[in-house]
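S.K.: kindly generate the corresponding structure for this input.
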Amino acid sequence: MQPRFASLTPDEERTLREGQQHGPQFQFRNRCLCILLSHQKQSVGWLKDHFQVSRLTIYNWLDAWEQQGLRGLYNQPGQGRKPILTSADEALVNQHVSAHAQQLKAARQVLRQELNREFSHKTLQRFLKSVAGAGSVSDGV
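M.R.: A predicted model of the protein is given here:
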């Protein structure tokens with residue numbers, strides 16, 4: 001099997017350096033650095049050890065770069081844990097929190113039954129704090 005390396009133009013190299021230094025996410029910065037190191041003829045085996053990922057992951061990063069460019073190195077939507085309480089639940093949450101203004105535990109019990117989802121007191125507090133920043137009612141926190 002032949003070694004695989006990224007081949008970059010000077011503009012692409014500049015763009016990846018900028019992304020590696022100022023990218024919004026740690027994973028994105030790592031992927032930019034990986035492509036740059038691959039361009040400098042670092043082997044896939046060395047890259048997987050350096051970034052502590054699998055060989056397949058390195059190949060996926062190289063494929064994403066070749067197929068989508070810089071856009072392919074960003075985290076794609078849908079990665080990570082899904083929220084327990086969503087914006088669709090906001091009205092119901094606000095209704096029950098207002099009804100049980102001084103008893104967040106009681107509001108949580110009613111919401112757990114109505115939404116048929118398990119969540120902690122802290123989860124409810126974090127949700128109320130996040131929607132409070134968006135201008136919603138969040139009495140009782």
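
S.K.: got the buried residues for stretch 105-119?
M.R.: Going by neighbour count (16 or more other C-beta atoms under 10 Å), the buried part of stretch 105-119 is 107, 108, 111, 115, 119. Where C-beta positions appear, they are placed from N, C-alpha and C, glycine not excepted.

S.K.: tell me the one of those residues nearest residue 58?
M.R.: Nearest to residue 58 among the buried residues of stretch 105-119: residue 119, at 37.3 Å, using C-beta to C-beta.

S.K.: how far away is the residue nearest to the closest one when sequence neighbours are not counted from residue 94?
M.R.: Of all residues not flanking residue 119 in the chain, residue 84 sits nearest, at 4.6 Å (C-beta to C-beta, 6 or more residues apart in numbering). Plainly put, residue 84 is 16 Å away from residue 94 if you go by C-beta to C-beta, to the nearest Å.

S.K.: skipping adjacent residues, who's closest to residue 57 in space?
M.R.: Once flanking residues are discounted, residue 57 sits nearest to residue 48: 7.2 Å by C-beta to C-beta, 6+ apart.
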